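Novice: curious how this folds, go ahead:
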Amino acid sequence: MCLDWQTANEQNVSHFEIQRSTDGNTFIEIGRVVAKNQSSNTYSTPDNISSLSNYSQLFYRIKQIDTDGKFTFSKIEVVNIKEELIPSIYPNPVNEILRVTNSGSIKNIQLTDMLGSKLKSWTTSFSLLYMNEVQAGIYVVEITLHSGKVIKEKIIKL
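Specialist: The predicted structure follows:
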């Protein structure tokens, strides 16, 4: 997931702490971004929530810390999470390493050729799949989730 926010009239701002909570009360820092100190700014930071699939909601806030050490908090934003985080794979086409997002929801992954023959299989949740042993061509990645749902995606191996 990617968190985006905008600011206006930044002056003497040191940085921003991105904070997350699972209960809306206790927040932890999950990232830090250096301030640009321009009149209008857009910021973005990733948040890997694959290990948080047991929660239906997450709470976020931004702590703006000034150069003199003073700070203020943004209002708390609530993000509703789907019951099951759907994984995705990238890059496509792939050269050596295929990356998997939300791998915590995955039971197993299979790589098959276009005729359905199984070439590789991974039975645990990996976020990196090494493709250097696979010849160039078109393949199908079949991802089976813990829920039993199956996702199939064609990939091109360079």
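Novice: now the residue lying farthest from the centre of the chain, what's its secondary structure?
Specialist: In the chain, the greatest distance from the average C-alpha position (CA atoms, centre = their mean) is reached by D68, at 33.0 Å. Classification of D68 using DSSP: H, G, I helix; E, B strand; the rest coil returns coil.
Novice: contacting residues for it?
Specialist: Taking CB atoms under 8 Å, 6 or more residues apart in numbering, we find D68 in contact with N12. From N, CA and C alone the C-beta is placed, and that goes for glycine too.
Novice: measure it to S14 for me?
Specialist: Noted for D68: a distance of 9 Å to S14, by CB to CB, to the nearest Å.
Novice: could you list the low-pLDDT ranges of this protein?
Specialist: Across the chain, the ranges flagged by pLDDT under 70 are 1, 50, 53, 82-85, 124-126.
Novice: can you give me the strands in it?
Specialist: 2-8, 13-21, 28-34, 40-46, 57-66, 71-73, 77-80, 89-90, 97-100, 106-113, 118-122, 128-130, 137-145, 150-157 (DSSP state E).
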